[in-house]
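Asks: sequence first, then the predicted structure:
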Amino acid sequence: MTATSVEGDRAHRYRYAILGPGLASLAVLLLVGPTRVLTPAVPTGVDLGGHLYAISYWVEHWLSEGRVLGWSPGWFGGFPLYYFYFPLPAGMVASLSVALPLTVALKVVAVLSAVGFPWAVWFLARSGGLSSLSAAVTTLVGSCVLLMESHWHLGGNLYSTLLGEFSYAWSLLFCVLYIGILTRTLRDGTPRPVSASVVLALTALSHVIPTFGAVVAGCAALSRRRARRTVLTSWILGFCLAGLWAFPFLARSGYLARTEWNLELAANAVFPLEILFVLPLAVGGAARLVPRGATWLALLALTALSPVLSWLPGLQMGDRLLPLWFVGVHVLAGVFVASSLERTLRDRSPVDAAGFGVSVLLIGALIVLRGPGTVREYATEVLEGYPAAPAADEFQQLLGDVRLLPPGRVHWQSDSTVVRFGRSFALDLLPYWDPDHPTLPGLLRESSLTEPYVAMVFRETSPEPYLRFRVLDARYPFDFARGVEHMRMLGVRYFIAFTDAVRDAADGHPDLERRVDRAGYAIFELAGVQTVEVARHDPRVVSTSELGAAARAWFEQAEALDRWVVAGDPGLELGDSAARELGAGPTSGAPGPANPVTGFEVGPRQVRFTTSAVGLPHLIRVSYFPNWDAEGARGPYRAAPNLMLVVPTSEEVRLRFRSTWVEWTGLLLTLLGLALVAVPAGRRWVGGLPIRQGQPPSRSAGEDLTS
């Protein structure tokens, strides 16, 4: 091949890259609006804006010291930070925030996940041997999945990305790239263990659900001998590279909350109306790829298995696999459209021309049905942020009222009217604006075992709870008095009511005092809340395995909340019962002896207080996690529902959040993975160097869809 022909071939590919993924990315960018992305307003959405608190606290207190995993007091009475959520997209935001405002960096990273998706599809198409023209058409059709509306809450489209699922979007992008690497390996037989490992690690560090899909695709490729080394090495080396986060995630998975937020998987979820337009085209595309042998096996297997796996009983959040199904269907539909176009141009076949014409009509109808205008409207609402919310002035007034109150934990009534502030959970950003007022609810709900109890309190204090708490209706009806006792147990000092019914219930409770009264809301203070309380009864000790069920049963008996339940060995001694006169008053708030605890402080790495009740059990209303280490006390022990109990051995008690063998093992795994990738000897060991260039299959005169 002459230099001129090579240059011409490159120009040919570049032209179609611009017409394919370039055009799709531009369309996405124009839909969301670049000026709105660069506006330094706090975004709204359902969850997008809420990520600001977690990222800002992470950057300020942990990432600045080189630690990826940490702890934050802002939500749930404290929670482990980025142990059970995904650090890579948050790290992207942190990196950009060096040059951009944090709010802009968050929006840029979220939008870039959708802008970059067409290029991942292009890479997959080219890896499978499609010509530049076919890859461009496949990319344009495959990128239409971003406009889907039926799975707005699951991830993988523009709606869910703007809603806050940008981590899922990045993971899905990397998952498609990983499938592209497997596809190219299946096509030419060249092992690519290093690139596959790196991309799989990026997938895992972004979200666990698409990572599961990538592993499923790898299992399919594993059936072919030429791909086994790439797949197996990527699983092992990829885990090592992601070990800094992946190993602690697995080792601490017992502290991962199994939340009940997700909606039930409806019968039509797999086949929504909008997918029916492309499903026949996808079947045609799959039929045209089958004769190409195992090249497209990874994508075909994942597309076929995703809807099946989503229905498996007991699979946590299995419906989140459905976006993988939708992506596969759209890519396969694109293959059919592309092959019909190529055959029409090459053979002038009336049948193929008719197939291409019908395909264009179906895709056009699909785009009209999905209404890009509604995506643009939602993007405008989300990216213009809180200042553009219907009740922006009222929200600023509410923030000002909270700031004037003494420090304390805040809870509020769950009600659909809160959407007027910009988000249904707008108030979970209170600690972002005002660190002195952490909130009981929060965004990263899987990160704390306290969250299920927060959901119960929401239900007990809200006659018409917002969407994600309706699953609790039958078991936890509206019972404001019981909700107040649960708020006290969880250390809530302030409660915000929005409706007249809840205001009246709060006014009628003897332990609640109205501190702020406005037209749209009222703020009440709960009397007698003690962040650290001394035991009045011997705590009941149960085994760690029994604590979950015991805590749930105990929490449902509001009259017994002062009789604590603690996890430990059966013979654990927790204090001297004869000295109970030093204890605080009863949980109900009735008068009692003065609290012997003073000087309580809580920060990003420590909890400290002074007590005169040495030797007695102290309940600290801060969430438990194994990384807490006590100085001047025995413990901490995990107490129901998910708090900490210590037995002081001195008047000064300090708890520190420390790295353990779990974090050090994860760090060592990542360092090992980096060494294997970066050091030439390591790369030779995993088969990455020297790279053995395989020869692509020869192209016959009658073959289409090939490069």
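Replies: All right, it came through fine. These numbers come from a predicted model, not from an experiment.
Asks: all helices of the stretch 201-350 of the chain, in order?
Replies: Counting by DSSP state H, counting those that start in this stretch, the stretch 201-350 of the chain has these helices, from start to end: 208-221, 228-241, 243-251, 279-289, 297-310, 322-347, 350-370.
Asks: tell me the mean pLDDT over the last one?
Replies: Spelled out, it's helix 350-370. Confidence over helix 350-370, taken as the mean pLDDT, stands at 67.
Asks: next SSE downstream of it?
Replies: Per DSSP states H and E, helix 350-370 leads on to helix 372-384 as the next helix or strand towards the C-terminus.
Asks: mind giving me the packing neighbours of that following helix?
Replies: Counting contacts by 3 or more Cβ pairs under 8 Å, 6 or more residues apart in numbering; DSSP states H and E, helix 372-384 is packed against helix 23-32, helix 34-37, helix 158-163. C-beta: built from backbone N, CA, C; applies to glycine.
Asks: what are the buried residues along stretch 189-205?
Replies: Within stretch 189-205, the residues that count as buried by 16 or more other Cβ atoms under 10 Å are 189, 191-205.
Asks: can you give me phi and psi for residue 390?
Replies: Residue 390 has phi and psi values of phi -60, psi -40 when expressed as degrees, to the nearest 10.
Asks: show me the contacts for it.
Replies: Under the criterion of Cβ atoms under 8 Å, 6 or more residues apart in numbering, the contact partners of residue 390 comprise residue 420.
Asks: where does pLDDT dip in the stretch 351-500 of the chain?
Replies: 351-359, 362, 364-366, 368-372, 467-475 (pLDDT under 70).
Asks: now with 80?
Replies: 351-374, 424, 465-477 (pLDDT under 80).
Asks: and the strands in it?
Replies: Ranges of strands in the stretch 351-500 of the chain, per DSSP state E, counting those that start in this stretch, are 409-412, 492-497.
Asks: how about a markdown table for the ones you listed, with mean neighbour count and distance to residue 161 added?
Replies: Formatted as a markdown table, the strands of the stretch 351-500 of the chain follow (neighbours: other Cβ atoms under 10 Å; distance: least, Cβ to Cβ, whole Å):
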| stretch | mean neighbour count | distance to residue 161 |
| --- | --- | --- |
| strand 409-412 | 24 | 27 |
| strand 492-497 | 24 | 30 |
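Asks: all helices for the stretch 551-700 of the chain, in order.
Replies: Remark: helices of the stretch 551-700 of the chain, listed N- to C-terminal, are 661-678, 680-685; assignment by DSSP H, counting those that start in this stretch.
Asks: which of the ones you listed comes out lowest on mean pLDDT?
Replies: For the helices of the stretch 551-700 of the chain, the weakest mean pLDDT is recorded on helix 680-685, namely a mean of 62.
Asks: what is the least confident helix or strand in the chain?
Replies: helix 3-17 (a mean of 58; mean pLDDT, DSSP states H and E).
Asks: count the residues that sit near the closest residue to residue 52 other than its chain neighbours.
Replies: When the adjacent residues along the chain are set aside, residue 52 lies closest to residue 432, with 5.4 Å between them (Cβ to Cβ, 6 or more residues apart in numbering). Residues contacting residue 432 under the criterion other Cβ atoms under 10 Å number 20.
Asks: coming back round to it: residue 247: which of the buried residues of stretch 189-205 is nearest?
Replies: Closest to residue 247 out of these is residue 204 (11.1 Å), distances taken as Cβ to Cβ.
Asks: distance check, that closest one against residue 151.
Replies: 22 Å (Cβ to Cβ, to the nearest Å).
Asks: for stretch 183-192, the distance to its chain's centre please.
Replies: Here the centre of mass of C-alpha atoms in stretch 183-192, compared against the chain's by Cα atoms, centre = their mean, to the nearest Å, lies 32 Å away.
Asks: only alpha carbons, please: show that stretch as PDB.
Replies: Extracted as PDB, the C-alpha positions of stretch 183-192 are listed here (Å, rounded to 0.1, in the frame of the first residue of the first chain):
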ATOM      1  CA  THR A 183     -14.700  -8.200  20.100                       C
ATOM      2  CA  ARG A 184     -11.400  -7.200  18.400                       C
ATOM      3  CA  THR A 185      -9.600 -10.000  20.200                       C
ATOM      4  CA  LEU A 186     -12.200 -12.500  19.000                       C
ATOM      5  CA  ARG A 187     -11.800 -11.100  15.500                       C
ATOM      6  CA  ASP A 188      -8.000 -11.200  15.100                       C
ATOM      7  CA  GLY A 189      -6.800 -13.400  17.900                       C
ATOM      8  CA  THR A 190      -4.400 -10.900  19.300                       C
ATOM      9  CA  PRO A 191      -4.400 -10.900  23.200                       C
ATOM     10  CA  ARG A 192      -5.000  -7.500  24.700                       C
END
